[in-house]
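[1] quick one: sequence plus predicted model below, questions after.
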Amino acid sequence: DADGNYSNPMVTTVRMNTAPIMASVIASAALVLIDGTVTVTANVTDGDGSVNLVTFFIDVDQDGGWTGGTDIDLGVDSSSAGGWNKTLTVLSAWGTGDHHILAAGRDNDGAWGAPAGANVRFNIAPQVTSVSVTVGGNSVSAMTHGDAVLVTAVASDSGGSVARVTFFLDNDADGEWTEG
């Protein structure tokens, strides 16, 4: 002040915090059918503390970050036991096609790191709408050993095209393919 007096100095300690770094995000599959499951694993570190939460979301608007009301929240993993993972059942409401699933980590000081992501294609399984069996051009429900049989299927794929139809003889009559 004007009289030459000084106040006591104030000491403040400032701790700098570095946000977590998302090294990678890996999906367990690149192609998942609607109603199928995929596990997304985030590899994240925090150089000056610890990661205490990872959030997962579908980046609908493809802007590389969370946009409330647009992006789809897939939930969080708040326990690093077994890694930072989220297992999802793919919902039809998410649509088919390519999706960018992002993960972002939060540290013990509340800082969020930049998200990173993995691409996953959601698809609908092709549908077989009819199967017919003919012998000598005639539709049959039973045949004789040695008959030449023609089996025809009608199949469609609303998300693309049918690449292959596989026929099998259902020896155990369970409607499913059984190995062996």
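    Noted; the coordinates are in hand.
[2] look up the closest residue to Gly64, ignoring the ones flanking it.
    Closest residue to Gly64 apart from its sequence neighbours, by CB to CB, 6 or more residues apart in numbering: Pro115 at 6.8 Å. Using the backbone N, CA and C atoms, a C-beta is placed for each residue, glycine as well.
[3] looking at this protein, which helix or strand is least sure?
    Of all helical and strand segments in the chain, the minimum by mean pLDDT, DSSP states H and E falls on strand 138-139, at a mean of 84.
[4] ok, residues contacting the helix or strand that comes right after that strand?
    Later in the chain than strand 138-139, the nearest helix or strand by DSSP states H and E is strand 149-156. Identification of contacts with strand 149-156 by CB atoms under 8 Å, 6 or more residues apart in numbering yields 126-135, 143, 162, 165, 167.
[5] just the buried ones from those?
    Neighbour-count burial (16 or more other CB atoms under 10 Å) applied to the contacts of strand 149-156 gives Pro126.
[6] now the contacts of strand 149-156 as CSV including secondary structure?
    Output for those, formatted as CSV (DSSP: H, G, I helix; E, B strand; the rest coil):
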residue, secondary structure
Pro126, coil
Gln127, strand
Val128, strand
Thr129, strand
Ser130, strand
Val131, strand
Ser132, strand
Val133, strand
Thr134, strand
Val135, strand
Met143, coil
Val162, coil
Val165, coil
Phe167, coil
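[7] looking at it, Ser139 is touching Ser130, isn't it?
    No - taking CB atoms under 8 Å as the definition, Ser139 is not a contact partner of Ser130, at 11.6 Å.
[8] count the neighbours of the residue nearest to Gly64 for me.
    Neighbour count of Pro115, defined by other CB atoms under 10 Å: 23.
[9] next up, the contacts around it.
    Taking CB under 8 Å, 6+ apart, we find Pro115 in contact with 22, 59, 64-66, 102-104.
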